[in-house]
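In: sharing a model prediction with you, sequence too.
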Amino acid sequence: MDNDSPDTYFTNLVMRLADTPVSTRYFGKVCVKHPKLGGERLKSTYACVTCSRERVRTREKANPEKSKSRQKVWRRANPGANNATGARRRAAKLQATPAWANPFFIGEAYDLAQLRQKMLGGRWHVDHVVPLVSDIVCGLHVEFNLQVIPGSENELKGNRHWPDMP
């Protein structure tokens with residue numbers, strides 16, 4: 001199917017929904033199926049947010065192989081975003097991401113690591129200066145606690161060293 005097909009359009013729309021800023025939404029006519037949302041709609045399509053998600057999920061269930069291949073292509077095209085999402089999940093699991101953390105700057109660190117990998121070669125990691133898990137201290141998954149360093153240096157460091165270590 002070509003890139004302008006409705007199927008591709010809605011899949012791309014759903015991929016963006018998870019991290020869609022509030023500014024891309026507005027409150028309009030209340031949806032008959034989802035009145036509790038109070039009329040929350042997407043500016044791009046004027047569709048009810050939940051109805052849009054349901055349409056995409058229905059399409060994905062009808063053709064799971066096609067959906068998986070699209071997701072795979074997106075992950076390959078957006079490795080920084082994919083890595084940031086994985087790190088966000090791991091950090092949330094550890095309850096290390098506070099509400100005030102800035103996901104934009106955290107994502108920028110992962111994009112920078114990918115860019116350095118392409119431009120300079122080698123492996124580059126996004127490292128937590130103060131480790132998320134340690135016997136002595138536990139850091140936060142926030143932009144101030146991240147640094148982009150060579151993978152070999154990060155593997156040597158492990159979670160045994162951080163600034164002002166006792």
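Out: Received the coordinates, thanks. Numbers count the residues shown, from 1 in each chain.

In: what residues of stretch 119-138 count as buried?
Out: Using 16 or more other CB atoms under 10 Å as the test for burial, stretch 119-138 gives 124-128, 130-132, 134. The way it works is simple: take the backbone N, C-alpha and C, and place the C-beta from them, glycine included.

In: so who does Val137 touch?
Out: By CB atoms under 8 Å, 6 or more residues apart in numbering, the contact set of Val137 is 130-131, 162.

In: where in this structure is pLDDT low?
Out: Regions of the chain meeting the criterion pLDDT under 70 cover residues 1-24, 93, 166.

In: let's have the buried residues of stretch 119-138 in a markdown table, adding secondary structure and distance to Gly158.
Out: Converted to a markdown table, these look like this (DSSP: H, G, I helix; E, B strand; the rest coil; distance: CB to CB, whole Å):
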| residue | secondary structure | distance to Gly158 |
| --- | --- | --- |
| Trp124 | strand | 17 |
| His125 | strand | 12 |
| Val126 | strand | 15 |
| Asp127 | strand | 10 |
| His128 | strand | 11 |
| Val130 | coil | 13 |
| Pro131 | coil | 8 |
| Leu132 | coil | 12 |
| Ser134 | coil | 9 |
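
In: and which of those is nearest to Ala62?
Out: The closest of the buried residues of stretch 119-138 to Ala62 turns out to be Val126 (CB to CB; 37.0 Å).
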